[in-house]
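Asker: Build the 3D model from these lines:
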Amino acid sequence: MRVYVYTREVNNDEYPDGLARSVHMAYETDEGERQVLNRNYGILFAKGEITEKNTILPLGVRNPKIFMMEDGVVGISAERVYEYGETDERAAGKVILWRTKDLINFCDEEMVPVMDIEKYGPSDFLGLDSDIVEKARLYWNPITYMGISVPGEITVRSEQELDAVTADVSYSDGSHREKRIDWDKTGIRFDVSGEYSLTGKVSQQRLRFPLAKGYGDPVIFPWEGKWYFLSTNDNLNDIGIYVREADNVEGLFREGVEQHLILPFDPERGFEQTFWAPEFHVIGGELYILFAVSGHVWGPQCHMMKFKKGGSIIDENSWENPIRVCRADGSYLTEKEGAITLDMTYISAKSGSYVIWSYREKMGTEFDTGSMLYIATVDDKEPWKLTSEPVLLTRPLYGWENVAGTINNEGPYSFIKDGKVYVTYSGGSANAYTYVLGLFTADEDKDLLNISNWTKGRVPVLSFYSVKGEFGPGHNSFFINEDGEMMIAFHGETDIKSNLRCDGIRRVHFRQDGTPYFQMSAEEDLKEAVVETVLHVKN
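Answerer: Next up is the predicted model:
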């Protein structure tokens, strides 16, 4: 089967330079039709460079080629250019080279002389084994619902045994999951043996988009039998931290739900603007809110606010005075003029406790560093105080991270599953359609301060190409819902031209290999389905 590589035409309104000047891929079907991979979003992006001024020089590619190298290695090359397509004279006579065996995993890019690859006959397309192409298709293309199965006959002795029967839901990549069934138990006697025709509806939490308009950076959190919602409140100019309380997740977004102010505008305490990205975290058995705030002079800085035992989350007086996060020596995270810290999150792994946050210097000047992510260890007894030096985790070098004049790595949030730490983070513009989610992974028992233990994804795991009608999805959080399923909360826009941040929630799917997949729409996830079976009650 033929695989094609190409770049796309630049469209400043819908697909700007940082995205278009990347390597895209497509394959040819047996019928001769060309089908795109990754929804026609780029797959290989040239890394930008750090300049002598500590700024980022964005780079792109043109004229990509594909060819077969030794030992079954597929090579993909491209000429390196500047962000807007100008020739990079520094790369004269050289091309970027990526190597892969499966069109899924790629070695780091390297610059090689053009003459080194000419012997392979580079072309716009390459014929590959159909098994390789099929696996790449399953990986890069949407994962969709395939069907539901339940046993043809069920024998139970109690209502509790019936409730434990689940449906098996299958997906296009070969993955499966079990789902609770809401059975229609009308007329069934569990105290008398008998046979019944039984129907039930497969349970699935479906939440509309948008859920709430004018709220960024959403966090959903269960605590002592209630559910809570935190966010940056754009509707009130990001002044104050507000929280919602409800009996269930849907209730957090019902019309007229009350918003409780728990950290108000307060010049005396230095809290005057940019009450940004609050997050609930339980650290050392204590509940905290991690957030950023500015005083009279603009410049958000990371703070932590501790919950008083026996208090009420929605009561301002149940929270201790916020503490600004500091280094091990007691100095603040940054004391540089014009430098900002924000979007702090917390990770509890087997290797220790960590915080990750976003840092930026000289924003809006020619020396703007762009926002970058740092990581450090903390002691759970005093989590507002680092116990290690900050370590640089990532800077926005890829075109999808520094696209259209934005230079962002921000909004980290994590979960741990099967011994792996997964950290999502955001790149692109925080209130525009280019906002996306990137992903870092590491082994839970490894030292997370050692950057070599992390793997950074080459492409966004969620973008405006992922789910129809959702633009700029980013700055997310995770939670486990009432059915025990992992959900992702995020903000995005309802239109490609809109800058109004709105909240969305959907289920996180896990591929056959156990890795997370964030791009599944409600329609791709589960069709509303009624299942039927024969029920035998025995006593």
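Asker: ok, residue 275 - contacts?
Answerer: Contacts for residue 275 (Cβ atoms under 8 Å, 6 or more residues apart in numbering) come out as 232-233, 238-241, 263, 291-293. Any C-beta I mention is one placed from the backbone N, CA and C, and that applies to glycine too.
Asker: Dump those into a markdown table; add secondary structure and distance to residue 64 as well.
Answerer: Listed next are the contacts of residue 275 as a markdown table, based on DSSP: H, G, I helix; E, B strand; the rest coil; distance: Cβ to Cβ, whole Å:
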| residue | secondary structure | distance to residue 64 |
| --- | --- | --- |
| 232 | strand | 39 |
| 233 | strand | 44 |
| 238 | coil | 42 |
| 239 | coil | 48 |
| 240 | coil | 49 |
| 241 | strand | 47 |
| 263 | strand | 50 |
| 291 | strand | 43 |
| 292 | strand | 40 |
| 293 | strand | 45 |
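Asker: Would you tell me which one of those comes nearest to residue 371?
Answerer: Within these, the smallest distance to residue 371 is 11.8 Å, found for residue 292 (Cβ to Cβ).
Asker: Just to check, that closest one is in contact with residue 333?
Answerer: No. At 10.4 Å, residue 292 and residue 333 do not qualify as touching, with contact defined as Cβ atoms under 8 Å.
Asker: circling back: between the contacts of residue 275, which is nearest residue 153?
Answerer: Using Cβ to Cβ, residue 232 comes nearest to residue 153 of those, at 52.6 Å.
Asker: Please verify my assumption that the closest one contacts residue 216.
Answerer: Yes. Counting by Cβ under 8 Å, residue 232 does reach residue 216; the two are 4.3 Å apart.
Asker: Now for these two: what residues contact both?
Answerer: Contacts common to residue 232 and residue 216, judged by Cβ under 8 Å, 6+ apart, are 277, 501.
Asker: returning to that earlier point: of all the contacts of residue 275, which comes closest to residue 487?
Answerer: Taking Cβ to Cβ as the measure, residue 487 lies nearest residue 232 of those, at 19.4 Å.
Asker: All the strands of the stretch 401-539 of the chain, residue numbers only.
Answerer: With DSSP state E, counting those that start in this stretch as the criterion, the stretch 401-539 of the chain has strands at 410-417, 420-427, 436-443, 455-456, 471-480, 486-493, 502-507, 509-510, 516-517, 530-537.
Asker: hmm, back to that, for ChimeraX, write the selection for the buried entries among the contacts of residue 275.
Answerer: Those of the contacts of residue 275 that count as buried under 16 or more other Cβ atoms under 10 Å are selected in ChimeraX with:
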select :232,233,238,239,240,241,263,291,292,293
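Asker: Using CSV, lay out the contacts of residue 275 together with pLDDT and distance to residue 191.
Answerer: Compiled in CSV, those are given as follows (pLDDT from 0 to 100; distance: Cβ to Cβ, whole Å):
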residue, pLDDT, distance to residue 191
232, 98, 55
233, 98, 54
238, 97, 59
239, 98, 60
240, 98, 57
241, 98, 53
263, 98, 55
291, 98, 55
292, 98, 59
293, 98, 61
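Asker: Now flag whichever of the contacts of residue 275 is closest to residue 96.
Answerer: Checking those against residue 96 with Cβ to Cβ, the nearest one is residue 292 at 36.8 Å.
Asker: Tell me where the stretch 101-250 of the chain has strands.
Answerer: Applying DSSP E, counting those that start in this stretch to the stretch 101-250 of the chain gives strands spanning 110-113, 125-127, 145-149, 153-156, 166-171, 176-183, 194-202, 215-223, 226-233, 241-246.
Asker: Out of those strands, the one nearest residue 408 is which?
Answerer: The nearest among the strands of the stretch 101-250 of the chain, by Cβ to Cβ, is strand 215-223 at 13.2 Å.
Asker: That closest one packs against which elements?
Answerer: Applying 3 or more Cβ pairs under 8 Å, 6 or more residues apart in numbering; DSSP states H and E, one finds that strand 215-223 contacts strand 226-233, strand 273-283, strand 471-480, strand 486-493, strand 502-507.
Asker: On the pLDDT front, check residue 431 for me.
Answerer: On pLDDT, residue 431 comes in at 88.
Asker: and the residue nearest to it when sequence neighbours are not counted, how far is that from residue 486?
Answerer: In this structure, residue 431 finds its nearest non-sequential neighbour in residue 499, 4.7 Å apart by Cβ to Cβ, 6 or more residues apart in numbering. Distance, residue 499 to residue 486, using Cβ to Cβ, to the nearest Å: 29 Å.
Asker: hang on, the earlier thing: what is the neighbour count of the residue nearest to residue 431?
Answerer: The local packing of residue 499 (other Cβ atoms under 10 Å) involves 13 other residues.
Asker: List the contacts of it.
Answerer: Contacts for residue 499 (Cβ under 8 Å, 6+ apart) come out as 431-432, 493.
Asker: Quick check: it vs residue 218, distance?
Answerer: For residue 499, the distance to residue 218 (Cβ to Cβ) stands at 17 Å.
Asker: Could you do residue 539 as well?
Answerer: The gap separating residue 539 from residue 218 is 49 Å, by Cβ to Cβ.
Asker: Kindly state the pLDDT recorded for residue 30?
Answerer: You'll see residue 30 listed with a pLDDT of 83.
Asker: Against residue 1, how distant is it?
Answerer: Taking Cβ to Cβ, one finds residue 30 at 8 Å from residue 1.
Asker: Repeat that for residue 76.
Answerer: Relative to residue 1, and taking Cβ to Cβ, residue 76 is found at 16 Å.
Asker: How about residue 132?
Answerer: Distance, residue 132 to residue 1, using Cβ to Cβ: 8 Å.
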